[in-house]
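A.B. asks: Fold the following for me, if possible:
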Amino acid sequence: MGVLTLLTDFGYRDQYVAALKARLLHLAPTLPVLDLTHGVEPYNIAHAVHVLRAVFRDFPLGTTHLITVSDYGASDAGAVAAPAWHAAEFEGHYFVAADNGLLPLLCDGIPAQLVRLNAPAPPAPAPPATSIAAGNLQPVSLNPTRDILAPAAVRLAQGQPLSSLGPPATEAYLLTNRQLRLQDNRITGHVVHVDHYGNLITNISREAVEVVGRGRPATVHFGREVVRELRPHFAAAPPGEIVCTFNPQGCLSIAINQGHASELLGLYFDSQVDVRFTG
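C.D. replies: All right, here's what the predicted structure looks like:
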């Protein structure tokens, strides 16, 4: 039996996480279930993808990741319509999520191993209702996490093949990642995440800086600020000073030691950041 992780935007104040874990307990009482986080900003696909990318490779190959963020999916217009749900294999891990653009963002395109999950059969039509008092209530509505995503994730974690969950899929709702702009003397990127500490995580990788920079001195430009030194870690500057460093995932990050960089610098998701080279 494998491991199942949970990533949701359910938060910590209400009963939603407990209800999901109760459902999993009924489906597979002995299955190890670990939380990635339940603090994803509501409906924020980019936030969920950032968390997944940062941590999923730390788990053993074969781990199943259940993601329930915007779990009714999305239409081309961004509204709920004709919802669908998918399971995918990527880099030896399994992912279960709504068709809301999350999996293509994670995999930089439609995953090669992708199936559309079979939805449960609709309930039989209820008899004509006369009144609530008479007990003629409509059937309980579909809950995608409870009825589709959780059962599929459990089956994968228990070792069932991806192909047993539904037919192969070659199309999915697409969202695209911000791409770096690479020039001989400059890399232009953007903030892709603001973390709990206010640190600004960009899509500029250490590899891109090394390849484009070729050992030349680099300066980091954002807003009205210019930082002329890359530090080895977030605390490698006095409190209150700006720090530019690479985080453990190799992403250029901008922080203020013991301060909230996003608020103090006025930078947020999608703010532009440049790395410029001289010499």
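
A.B. asks: Any idea what L200 is bridged to?
C.D. replies: With beta bridges defined as DSSP bridges, L200 has these partners: V194, I254.

A.B. asks: My guess is it contacts V191. True?
C.D. replies: Yes - between L200 and V191 a contact is recorded at 4.8 Å, counting by CB atoms under 8 Å. Yep, even glycine has a C-beta here, placed from its N, CA and C like the rest.

A.B. asks: if I look at the two, which residues touch both of them?
C.D. replies: Common neighbours of L200 and V191 (criterion: CB atoms under 8 Å, 6 or more residues apart in numbering): 254, 267, 271, 273.

A.B. asks: Out of these, the closest to D99 would be?
C.D. replies: S271 (29.3 Å; CB to CB).

A.B. asks: Run through the residues that contact the nearest residue to V192 once chain neighbours are set aside.
C.D. replies: Closest residue in space to V192, ignoring its immediate chain neighbours: N203 at 4.8 Å, by CB to CB, 6 or more residues apart in numbering. By CB under 8 Å, 6+ apart, the contact set of N203 is 177-178, 180, 189-190, 192, 251.

A.B. asks: Drop anything exposed from the residues you listed.
C.D. replies: Listed as buried from the contacts of N203 are 180, 189-190, 192, 251; burial here means 16 or more other CB atoms under 10 Å.

A.B. asks: From those residues, pick the one nearest I45.
C.D. replies: Among the buried ones among the contacts of N203, and counting by CB to CB, the member closest to I45 is V192, at 11.8 Å.

A.B. asks: does that closest one really touch L200, like I thought?
C.D. replies: No - the criterion here is CB under 8 Å, and V192 misses it with L200 at 9.0 Å.

A.B. asks: what distance separates the start and the end of stretch 266-279?
C.D. replies: Start-to-end span of stretch 266-279 (CA to CA, to the nearest Å) is 31 Å.

A.B. asks: So for that stretch, what gets flagged as buried?
C.D. replies: 267, 269, 271, 273-277.

A.B. asks: This completes my enquiry, with thanks.
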